[in-house]
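K.L.:
just need the structure, nothing else, for what follows:
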Amino acid sequence: MPEKKFQNLKSHDCHVIMTQVLPVALRGLLPENVRVAIVKLCAFLNAISQKVIDPEIIPRLRSDVAQCLVSFELVFPPSLFNIMTHVL
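P.N.:
From the prediction side, this is the model:
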């Protein structure tokens, strides 16, 4: 990968990267506040993509996503969140 780009990925490949590879890859690269927010977002995406979702964890997932959005708002520019809040 001399260009360091991901190309020609299938949707399953992107799913695996977002839910499993990204949290491990970011361990030593980013500041802790950014890294924790991204890892929580990846855990949320992993939880909602399961075949069976336990109804008891849905309130925890909602609070985790809210905490992620607050953490992202502290780090990233506000213009990013006009679109992002509709996605989550």
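
K.L.:
okay, now residue 45: neighbour count?
P.N.:
Taking other Cβ atoms under 10 Å as the criterion, the count of residues near residue 45 is 15. (C-beta placed from N, C-alpha, C; glycine too.)

K.L.:
then residue 25?
P.N.:
By other Cβ under 10 Å, neighbour count at residue 25 equals 10.

K.L.:
thought residue 46 was touching residue 57, still the case?
P.N.:
No. Counting by Cβ atoms under 8 Å, residue 46 is not a contact partner of residue 57; they are 11.8 Å apart.

K.L.:
between these two, which has more neighbouring residues?
P.N.:
Of the pair residue 57 and residue 46, residue 46 is the one with more neighbours under other Cβ under 10 Å, namely 15 against 11.

K.L.:
C-terminal to the host helix or strand of that one, what's the next element?
P.N.:
Taking DSSP states H and E as the criterion, residue 46 maps to helix 32-48. Next helix or strand after helix 32-48 toward the C-terminus (DSSP H and E): helix 58-75.
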